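Enquirer: Here is the input, now give the coordinates:
(2 chains)
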Amino acid sequence: MDDLIAARSQMALSMAFHIIFACIGMVMPFFMATSHYKYLKTNDYHQKELTKAWSRGVAIFFVTGAVSGTMLSFELGLLWPEFMLHAGPIFGMPFSLEGTAFFIEAIALGFYLYGWDRFNKWFHWFTGVVVGLSGLASGILVVAANGWMNSPTGFDYVDGKYINIDPIAALFNDAWFTQALHMSLAAFAATGFAVAGIHALMLINGKNKVFHWKAFRIAIVYGGIAALLQPISGDISAKDIAVRQPAKLAAMEAHFETSKSASLLIGGIPDVENKEVNYGIKIPGALSFLAHGDFEKEVIGLDQFPEDEQPPVMITHFAFQIMVGLGMIMMGLSVLYFFSTWKKEYWQEKRWFLWLFVLATPLGFMAVEAGWTVTELGRQPWIIYGFMKTKDALTPIPGIQVSFMIFTAVYVSLSAIVSFLLYRQIKSLPNMEGEQPIVNQSSTQH
Amino acid sequence: MLYVVIAFLCLAILMYLLLGGADFGAGIVELITPGAVREKVRTITYSTIGPIWEANHMWLIIAIVILFVGFPPIYTMLSVHLHIPLVLMLLGIIGRGTAFIFRHYDAVKDDMQRVYNLIFTYSSFITPFFLGVIAGAMVSGQIDPNAPDFYSAYIGSWLHLFSISVGIFTVAICGFLAAVFLIGEVEDEAIKALFIQRAKVLTFLTFISGGFVFLAAEIDGLSLTKERFTDWVSLSFLILATVCLVILWKYLRTGHKTICRLLAGFQITLILGSFGYHYFPDFIIVKSGENLSLFNSAALGLPIETLGWALLLGSLLILPSLFYLIYSFQRRPAEL
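Expert: Sure, this is the predicted structure:
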């Protein structure tokens, strides 16, 4: 493994790890605030317990997301100093705003976690909402920074120098909106399905059924709506990169030759050497339609790019197929949930129904990882698309393999500990059957 | 606007040293507390720093973002030549942050607690140590952009007596800050006496390790002492800091909470101020070539302008809510 591959692997691993915690840390506060709202409105004992249980989850995930995010802010320089030297001032705007959002999130979390029975109850609830909103804002800002790497703007490149820097223009680069929308929906869908899946498993186990049903419903409504909206955002993204990063689209679709009325490829194994695809299903004209809204239009293929400017086709294509496939499954499950709520409520009592959601627990996060693989690998060999290659940004210090191994060990152990903690948290939930207080407390507190 | 950004950078570094430092110090105090009362110390630590500890560490992020947006050559130089201590510091940050939360949120309190405690206390020591090493390396003049070999480029840049002495000094400062801070939170007289005693030991250590920094500078051939004693402003800062220390010793006896805290904070501010004033505007002293200063490294023009505005607007949101958070939990510590 050479230093470049080691550095890229370390970065990929760090991002892959961070994104899971970042997603949960930014979405779960919304679940928590929802159950908290229901508790404040109805004084439902289960909703209060649920809020507290979820807030413990938020604390664990937030801290893991925060430390892995801190690491990333250093790793950018530790691994890609040449990139940061030039890019820092240009795409720094979202990071400086994100610093504020993140800080607010940490403060609000302090108020929220330790604020029970201490502040006005609606102020306390509001701090929980602020945790979610500032987390979401952080996520959008960081994705906007990534958008800039895909769609660099806000500077002039003259004789190898980056001059006339405009950080605001860089923040509102062409990719920020499509990427941020896609990622935000993905975070809601992934977290919603993961949380719903865990509670579905608890429902199958049969303890605290009422409690877990309430949890399941909140999570699946958020996740389901996001999963249903995601294809729209995906379509916007596809049309955007068809124009902005045609090489990425070509790699995603293993589209080797530029052609009119290009066909959409489903599945298939790309044969990069012979520039063809085996075993795939081809839908004629569909790629042209998805990319440009016209079945006849030309879609640029990889042949338009010199060999050394082509992204890796195999992994990008597979990752894209996986992302879309998993998205479809989640969309189907969302339809199933909403349909059953509307027409066939008794389905929800069935074991097969719950098992479907249990099996879907990791799907959202697998799709998120696959999606980031598409974005990042699809941009290669560039770190700043069209301006700087990844290999030219690499740190001069040798032996990155060692650091890659250390970081791998850290992330693996952290994942193990977090799963272990979560397991213990869920296992130690008290038995809540029939513990609903008979006296309505809010009516006695006037 | 450059001065606004520089002011925020100084503020972020100072706040991280004071608040984050007191946080690390809590782990160090735990490390040097006899086993019998450790559990109590843990409880006190948690209830006082629990609500604000996340926020304390945000200052590091703010400082790092200011560096890479506003002063990219500095950020890059640090990342390349101090790669190794930075990675070690990061490992400390991860270990500490997660262990602190994990030990509280583990639903079952069993032997795992011992693992968390071990990670928490040792990483509380490692992180400020390497933070100090990095700070020391920055002004040691051993960072060489034109280094010919691996050792002088990536190891010799930080592995020398002076940087290590600054690392030890930083650890002592953190422990000292935490001990002074925790005294005010204890009700139990026996533990209070223990904390006062620990605070004294740590004050003493701060003093000794501070002297050692100068000694190490002499041994390493840095002209720190001579320069310092001709720079009257930074010298008077140091003298004032020492005076504070003497007053602090007197008040530690009576255990007056607010005065002790203010004095401790003021003293650390003076020490940092003395260093800062002495080197300003230089940020990294290099072995060959031009030193990196806050002026010659600044990304002047729109990057600094927008960064300044972002920081100003951000502080309007952050500072009031942060003060309210600290105030709320100062009045009544969190219950467990």
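Enquirer: any idea how far the residue in the stretch 151-300 of chain A that chain B sits nearest to is from B:L31?
Expert: Residue of the stretch 151-300 of chain A nearest chain B, by Cβ to the nearest Cβ: A:P167 (4.6 Å). The C-beta positions use only the backbone N, C-alpha and C, and glycine is treated the same way. According to Cβ to Cβ, to the nearest Å, A:P167 stands 44 Å off from B:L31.
Enquirer: cool, and B:F120?
Expert: 9 Å.
Enquirer: ok, now A:E257?
Expert: 66 Å.
Enquirer: Please apply the same query to A:A106.
Expert: 25 Å.
Enquirer: higher neighbour count, the two?
Expert: A:A106 (25 against 16; other Cβ atoms under 10 Å in any protein chain shown).
Enquirer: wait, does the host helix or strand of that one contact chain B?
Expert: For A:A106, the host element (DSSP states H and E) is helix A:81-114. Yes: with Cβ under 8 Å from any Cβ of the partner chain as the criterion, chain B is reached by helix A:81-114 at A:81-82, A:84-86, A:88-90, A:92-93, A:95-100, A:102-104, A:106-111, A:113-114.
Enquirer: Does the next helix-or-strand element following that helix reach chain B?
Expert: Sequence order places helix A:121-150 as the next helix or strand after helix A:81-114, per DSSP H and E. No: Helix A:121-150 lies apart from chain B when judged by Cβ under 8 Å from any Cβ; the minimum separation is 8.9 Å.
Enquirer: from the chain's centre, how far out does helix A:121-150 sit?
Expert: 13 Å (Cα atoms, centre = their mean, to the nearest Å).
Enquirer: Which of the residues in it are classified as buried?
Expert: A:124-150 (16 or more other Cβ atoms under 10 Å in any protein chain shown).
Enquirer: Repeat that for stretch A:355-370.
Expert: Quick answer for stretch A:355-370 (16+ other Cβ under 10 Å): A:356-358, A:360-361, A:363-365, A:367-370.
Enquirer: Contacts only, for A:K350.
Expert: By Cβ atoms under 8 Å, 6 or more residues apart in numbering or on different chains, A:K350 lies in contact with nothing.
Enquirer: how close does it get to B:F102?
Expert: A:K350 is 37 Å from B:F102, by Cβ to Cβ.
Enquirer: Break down chain B into its strands, ranges please.
Expert: B:282-284, B:292-293 (DSSP state E).
Enquirer: So which elements touch the longest one?
Expert: In this case it means strand B:282-284. Contacts defined by 3 or more Cβ pairs under 8 Å, 6 or more residues apart in numbering or on different chains; DSSP states H and E place strand B:282-284 against helix B:72-81, helix B:112-140, strand B:292-293.
Enquirer: Kindly report the same for the last one.
Expert: Other elements packing on strand B:292-293 under the criterion 3+ Cβ pairs under 8 Å, 6+ apart are helix B:72-81, strand B:282-284.
Enquirer: Can you add mean pLDDT and mean neighbour count and give the strands of chain B back as a markdown table?
Expert: Output for the strands of chain B, formatted as a markdown table (pLDDT from 0 to 100; neighbours: other Cβ atoms under 10 Å in any protein chain shown):
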| stretch | mean pLDDT | mean neighbour count |
| --- | --- | --- |
| strand B:282-284 | 78 | 22 |
| strand B:292-293 | 80 | 21 |
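Enquirer: Pipe those into TSV and attach distance to B:S209 per row.
Expert: Shown next, in TSV, are those (distance: least, Cβ to Cβ, whole Å):
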stretch	distance to B:S209
strand B:282-284	23
strand B:292-293	27
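Enquirer: which stretches of the stretch 101-250 of chain B have low pLDDT?
Expert: Across the stretch 101-250 of chain B, the ranges flagged by pLDDT under 70 are B:223-230.
Enquirer: if we go to 90?
Expert: Scanning the stretch 101-250 of chain B for pLDDT under 90 picks out B:101-124, B:135-163, B:165-166, B:172-250.
Enquirer: near chain A, which residues of it show up?
Expert: Going by Cβ under 8 Å from any Cβ, the residues of the stretch 101-250 of chain B near chain A are B:101-102, B:105-108, B:150, B:153-154.
Enquirer: change it to 10 Å
Expert: B:101-102, B:104-108, B:110, B:112, B:115-116, B:119, B:150, B:153-154 (Cβ under 10 Å from any Cβ of the partner chain).
Enquirer: Could you identify the buried members of those residues?
Expert: Judged by 16+ other Cβ under 10 Å, buried ones among these: B:101-102, B:104-106, B:112, B:116, B:119, B:153-154.
Enquirer: and which of the residues you listed is nearest chain A?
Expert: B:I101 (4.2 Å).
Enquirer: got a list of what that closest one touches?
Expert: A:56, A:59-64, A:66-67, A:421, B:50, B:53-54, B:116, B:120 (Cβ atoms under 10 Å, 6 or more residues apart in numbering or on different chains).
Enquirer: Any of these buried? List them.
Expert: Buried among the contacts of B:I101 (16+ other Cβ under 10 Å): A:56, A:59-64, A:66-67, A:421, B:50, B:53-54, B:116, B:120.
Enquirer: Need the worst-confidence member of those.
Expert: The member of the buried ones among the contacts of B:I101 with the lowest pLDDT is B:G50, at 68.
Enquirer: Skipping its backbone neighbours, what lies nearest A:H36 in space?
Expert: Take A:H36 and drop its neighbours on the chain: the residue closest to it by Cβ to Cβ, 6 or more residues apart in numbering or on different chains is A:T51, 4.3 Å away.
Enquirer: Could you do B:A179 as well?
Expert: B:A199 (3.7 Å).
Enquirer: now swap in A:F103 and tell me
Expert: B:M58 (4.4 Å).
Enquirer: Confirm for me that the one you found is in contact with A:A108.
Expert: No: at 12.0 Å, B:M58 does not count as touching A:A108 under the criterion of Cβ atoms under 10 Å.
Enquirer: how many neighbours does B:K287 have?
Expert: 16.
Enquirer: no no, A:A169
Expert: Other residues close to A:A169 by other Cβ under 10 Å number 16.
Enquirer: who are the neighbours in contact with it?
Expert: A:90, A:93, A:148, A:153-155, B:302.
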